[in-house]
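*Asks:* predicted model and sequence below, questions to follow.
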Amino acid sequence: MKSLEELREIRERMRAEIGLDKDRFNKTRVVVGMATCGLASGAKPVFDALSNMVNEKGLTNVSVVPTGCIGLCQYEPIVEVIEPGKDKVTYIKMTPEKVLEIVDQHLVRGNIVRKYTISEMVG
Amino acid sequence: MYRSHVLVCGGSGCTSAGAPKILEVLNKEIAKAGIKNEVSVVETGCHGLCDYGPIVVVYPGPTFYSKVRPEDIPEIVNEHLVNGQVVSRLVHNAEITDEGIKSINETDFYKKQYRIALRNCGIINPENIEEYIATGGYEALGRVLTQYTPEQVIQIIIDSGLRGRGGGGFPTGIKWKLARANDADQKYVCCNADEGDPGAFMDRSVLEGDPHVVLEAMTIAGYAIGASQGYIYIRAEYPLAIERLNKAIAQAREYGLLGKDIFGTGFNFDIELRLGAGAFVCGEETALMTSIEGNRGEPRPRPPFPAQKGLFQKPTLLNNVETYANIPQIILNGPEWFSSMGTEKSKGTKVFALGGKIRNTGLVEIPMGTTLREVVEDIGGGIPNNKKFKAAQTGGPSGGCIPASKYDIPIDYDNLVGIGSMMGSGGLIVMDEDNCMVDIAKFFLEFTVDESCGKCTPCRVGTKRLYEILDKITKGNGTMEDLDKLEELCVYIKENALCGLGQSAPNPVLSTLRYFRDEYIAHVKDKKCPAAVCKALLSYVIDPNACRGCTLCARSCPNNAISGKVKEAHVIDQDKCVKCGVCKEKCRFGAILIR
Amino acid sequence: MGVKHCTVPFAGTKEQHEKLLAVIAELKDQKGALMPIMQKAQEIYGYLPIEVQSIISNELNVPLEKIYGIATFYSQFALNPKGKYQISVCLGTACYVKGSGDILLKLKELLNISDGECTPDGKFSLDCCRCVGACGLAPVMMINGDVYGKITPDDVEEILAKYE
């Protein structure tokens, strides 16, 4: 890194990529909580199932990424779906089976799977 | 000194929603109202509520106004800033959003939180440096290296009022200044990531979720004090954090953000990891440095202080993970922004790991000054199973138990010390009526006895004696003189131990003696454990009115301690009873009582 | 930090020895290299018997007493070999208030060993650990890195059975 300009170029490019720049964000971003608490609750198979399924279905507009602790350890594994122009949806207590339903319903068809969201499960 | 601070979000979400116009009108209206000297207006970074922008936040409070339009400003200024009346129609109302689905940010768990140290945790991919850069990462380092002198950087940290988040609460900026003041051919910047308090995992979460923030802050510190080498001392028990840190260091080197000639300024800085090996005392600063040098991690007497002679006998700056995690945001948003949050002497936020008997276990970051009640009841969701709150333990083995009578005390460094506990690194364990406070004190002493390094006598022998007296009390053999002896010994250890570990080791005993003395007395005088935890003091008895004489308990008892005829009330022979509890488990009528 | 004497004869291989020498050669010029070398040595041998400490002592020209002092100071260094399955029970505060003490008792009873020991067949070793940082799942135990959370004493036998 030789200058602040160089840093800012990366920032501008990446802001759209991860959804911070709402106007240019055109992808669906799915994050999986993969800190120790998440992994201990089984986040790895959930992440693998998600990535495989997204590949299999050819959803090139969806990126699946690991992230750190979301803060709610007892609801892990947690998966969040962030879509352009919409509120973030938080799914809790995920399993590889439930995740397949989310890919099928939410990512492919655009239907939020309400029964697994934090507001439905916790209130 | 301003009486109020108004923060206008200058993140790009709010900017595109019209924040610059808001700022302009706000300044105009404040001048018009003649309160320019009383209210400061600050432009801040993103609050993460971009969908509701532009966001305007008023401290003290804070009151969050969302979707503010320029025409709303006169009302905010006249009603709120002049008359002190919150404009309720503009307050951010996190009820129902899209299609009736509540987003996570609007749950009670998140509402009272404000995230600085944890701002990227759960948001970015920690293994991708570019995602960190996207959220403003390394901008602070770039600005510092190209626009500020080391003295200016230190002044910003001093002005922010940031204090060490590892426990003691020493002013961070002063620490930096002291390390800068000592000339040497080599200096070191260290990061304490030896998070050893049982029940505390804040630092682990930062390292796993946002490792670059620590690297960036350490590099800024290196520039400020004049060091070119950093060490992160991390527990070997945190393999994932180690892996992510190693990846982060490699990426930062690849992007030229660590190494030689950073940002083309000629400044060089690099960081290495050193793994701890499971010794709690290594969280103490001098012991940590002794351990990095490759020795038994025993503390050294101070002075000389680390700022004079630290690691390898060179001037050394040591801060913990959470402290560093605040630095880049302070540089970007300015010291006023940071010091507008919190209480008079404790600025900013603090991360707590909530655990124990609480509904929402997890990690929370709250402004200093939030009350314990808000943390436990509102954020933590209260105590499960309809039990009553009994105490909260903060500060781990160095801290104390806070009783229900102090439920409404605002949490900050000085208040916690005042009530016999301490901030510590941030473990907050909630206990209910089923926890015995003598047993908890004994638990912590067992820990300290095990972890005492053995170098000084007050700690090595003193904590062992404390443990023995507590053990005697929990077994029903204590006397009232023992309680006095406990107190006397506690004071002696506090005054004479060499390092912080020993000096604070008696705190769990002292605080429980102070607030739960009646429980100690019940153990000593009545030979009873009110919470029914201490096995030696329990007795199982059968309630003759509830017993149906089904004989199930008598048949299940491993020691044939129960007798009685069919359809008549049974009796437990106390001499034979081994207190295994099988009878209580088996009884279908709830007739077995513990006394 | 109780130190138990080693009763198992040392059975290091030539390959392990060479690996250790390579590690020493690589790290010895680093500042404060002793701990990282001992950590790598434990990775290679699985524990740090006096024979391995002697090799390090000779190669680095550091007195054996100092190495022994470090090995016994830090709980991570083991002077005894570990079992094929290493069980550790978290006794951190969050786990303790939720009953991990009872989990430990149950394990001791089932395995007939106390903490810090290994079963005679070398299958299970039992240790207590401080916080593993999974407090949200308390009480917690780990077997070779697999974390079992929210367990009760009744679950223990079933969990152990998976490793038969």
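*Replies:* Happy to help now that I have it.

*Asks:* what is the neighbour count of residue A:39?
*Replies:* Residues contacting residue A:39 under the criterion other Cβ atoms under 10 Å in any protein chain shown number 21. (Each C-beta comes from the backbone N, C-alpha and C, glycine too.)

*Asks:* and the most centrally placed residue in chain A, what does it touch?
*Replies:* Residue closest to the mean C-alpha point of chain A, counted by Cα atoms, centre = their mean, is residue A:30 at 1.8 Å. Applying Cβ atoms under 8 Å, 6 or more residues apart in numbering or on different chains to residue A:30 gives the contacts A:50, A:54, A:62, A:63, A:64, A:65, A:79, A:80, A:81, A:82, A:107.

*Asks:* buried ones among the residues you listed?
*Replies:* A:50, A:54, A:62, A:63, A:64, A:65, A:79, A:80, A:81, A:82, A:107 (16 or more other Cβ atoms under 10 Å in any protein chain shown).

*Asks:* ok, the first one - contacts?
*Replies:* Neighbouring residues of residue A:50 by Cβ under 8 Å, 6+ apart: A:30, A:32, A:64, A:79, A:99, A:103.

*Asks:* show me which pair in those is furthest apart.
*Replies:* A:32 and A:103 (12.7 Å; Cβ to Cβ).

*Asks:* which one's more surrounded, these two?
*Replies:* Shown here are residue A:32 and residue A:103; by other Cβ under 10 Å, residue A:32 has more neighbours (27 against 22).

*Asks:* can you list the strands that the helix or strand encompassing the more buried one pairs with?
*Replies:* Assessed by DSSP states H and E, residue A:32 sits inside strand A:28-33. Take DSSP bridges as the rule and strand A:28-33 pairs in its sheet with strand A:62-67 (parallel), strand A:79-82 (antiparallel).

*Asks:* roughly how far out does the shortest one sit from the chain middle?
*Replies:* Distance, stretch centre to chain centre, for strand A:79-82: 3 Å (Cα atoms, centre = their mean, to the nearest Å).

*Asks:* next one: the first one
*Replies:* Relative to the chain's own centre, strand A:62-67 is displaced by 5 Å; criterion: Cα atoms, centre = their mean.

*Asks:* contacts for it?
*Replies:* A:27-34, A:47, A:50-51, A:54, A:107, B:121-128, B:131, B:209.

*Asks:* please, a ChimeraX command that selects the buried ones among these?
*Replies:* With 16+ other Cβ under 10 Å as the burial test, the buried ones among the contacts of strand A:62-67 are selected in ChimeraX as follows:
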select /A:27,28,29,30,31,32,33,34,47,50,51,54,107 /B:121,122,123,124,125,126,127,128,131,209
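
*Asks:* quick check: the gap between the residue nearest to the centre of chain A and chain B.
*Replies:* 11 Å (Cβ to the nearest Cβ, to the nearest Å).

*Asks:* and the pLDDT for that residue?
*Replies:* Note for residue A:30: predicted pLDDT of 96.

*Asks:* beta partners of it?
*Replies:* With DSSP bridges as the rule, residue A:30 is bridged to residue A:64, residue A:81.

*Asks:* gap between it and residue B:122?
*Replies:* Distance, residue A:30 to residue B:122, by Cβ to Cβ, to the nearest Å: 13 Å.

*Asks:* rewinding a little: need the strands paired with strand A:28-33 in JSON lines (columns: mean pLDDT).
*Replies:* Formatted as JSON lines, the strands paired with strand A:28-33 follow (pLDDT from 0 to 100):
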{"stretch": "strand A:62-67", "mean pLDDT": "94"}
{"stretch": "strand A:79-82", "mean pLDDT": "94"}
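
*Asks:* make TSV out of the ones you listed and add distance to residue B:176.
*Replies:* TSV is the format used below for the strands paired with strand A:28-33 (distance: least, Cβ to Cβ, whole Å):
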stretch	distance to residue B:176
strand A:62-67	31
strand A:79-82	37
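
*Asks:* now the helices: where do they sit in the stretch 1-150 of chain B?
*Replies:* Applying DSSP state H, counting those that start in this stretch to the stretch 1-150 of chain B gives helices spanning B:12-16, B:19-33, B:73-75, B:108-111, B:129-134, B:139-147, B:150-160.

*Asks:* quick one, what contacts residue 17?
*Replies:* I'll assume chain A. A:25, A:27, B:130, B:131, B:134.

*Asks:* you looked at the wrong chain, it should be chain C
*Replies:* residue C:55.

*Asks:* so it: helix, strand or coil?
*Replies:* Following DSSP: H, G, I helix; E, B strand; the rest coil, residue C:17 is assigned to helix.

*Asks:* of the helices of the stretch 1-150 of chain B, which stretch is the most buried?
*Replies:* Ranked by mean neighbour count under mean count of other Cβ atoms under 10 Å in any protein chain shown, these are led by helix B:129-134, which reaches a mean of 24.

*Asks:* mean confidence score for that one?
*Replies:* Rounded mean pLDDT across helix B:129-134 is 95.

*Asks:* residues in contact with that helix?
*Replies:* Outside helix B:129-134, the residues touching it (Cβ under 8 Å, 6+ apart) are A:7, A:10-11, A:13-15, A:17-18, A:20, A:65, B:120, B:124-126, B:137-138, B:210, B:212-213, B:248, B:251-252, B:255, B:257.

*Asks:* separation between the residue in chain A that chain B sits nearest to and residue B:213?
*Replies:* Residue nearest to chain B within chain A (Cβ to the nearest Cβ): residue A:68, separated by 1.7 Å. Residue A:68 is 11 Å from residue B:213, where distance means Cβ to Cβ.

*Asks:* between those two, what contacts are shared?
*Replies:* Contact criterion Cβ under 8 Å, 6+ apart; residues shared by residue A:68 and residue B:213: B:120, B:206.

*Asks:* which secondary structure state is assigned to residue A:87?
*Replies:* Under three-state DSSP, residue A:87 comes out as coil.

*Asks:* typed the wrong thing, it's residue C:65
*Replies:* The local conformation at residue C:65, judged by three-state DSSP, is helix.

*Asks:* and it, what pLDDT?
*Replies:* 95.

*Asks:* what do residue A:30 and residue B:122 both touch?
*Replies:* Common neighbours of residue A:30 and residue B:122 (Cβ under 8 Å, 6+ apart) are residue A:80.

*Asks:* and the residue in chain A that chain C sits nearest to, what is it in contact with?
*Replies:* In chain A, the residue that lies nearest chain C is residue A:73 (2.4 Å; Cβ to the nearest Cβ). The contact partners of residue A:73, by Cβ under 8 Å, 6+ apart, come to A:37, A:41, B:361, B:362, B:363, C:134, C:135, C:136, C:137.

*Asks:* these into CSV, with extra columns for neighbour count and secondary structure?
*Replies:* Formatted as CSV, the contacts of residue A:73 follow (neighbours: other Cβ atoms under 10 Å in any protein chain shown; DSSP: H, G, I helix; E, B strand; the rest coil):
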residue, neighbour count, secondary structure
A:37, 34, helix
A:41, 25, coil
B:361, 27, coil
B:362, 25, strand
B:363, 31, strand
C:134, 29, coil
C:135, 32, helix
C:136, 29, helix
C:137, 24, helix
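
*Asks:* right, and the pair among those with maximum separation?
*Replies:* Among these, A:41 and B:363 lie farthest apart (Cβ to Cβ), at 14.5 Å.

*Asks:* so after the helix or strand harbouring residue C:89, what's the next helix or strand?
*Replies:* In this assignment (DSSP H and E), residue C:89 forms part of strand C:85-90. Where DSSP H and E defines the elements, the next helix or strand beyond strand C:85-90 is helix C:93-97.

*Asks:* next, count neighbours for the nearest residue to residue B:141 once chain neighbours are set aside.
*Replies:* In space, and not counting its chain neighbours, residue B:141 is closest to residue B:216: 5.1 Å by Cβ to Cβ, 6 or more residues apart in numbering or on different chains. By the criterion of other Cβ under 10 Å, residue B:216 has 28 neighbours.
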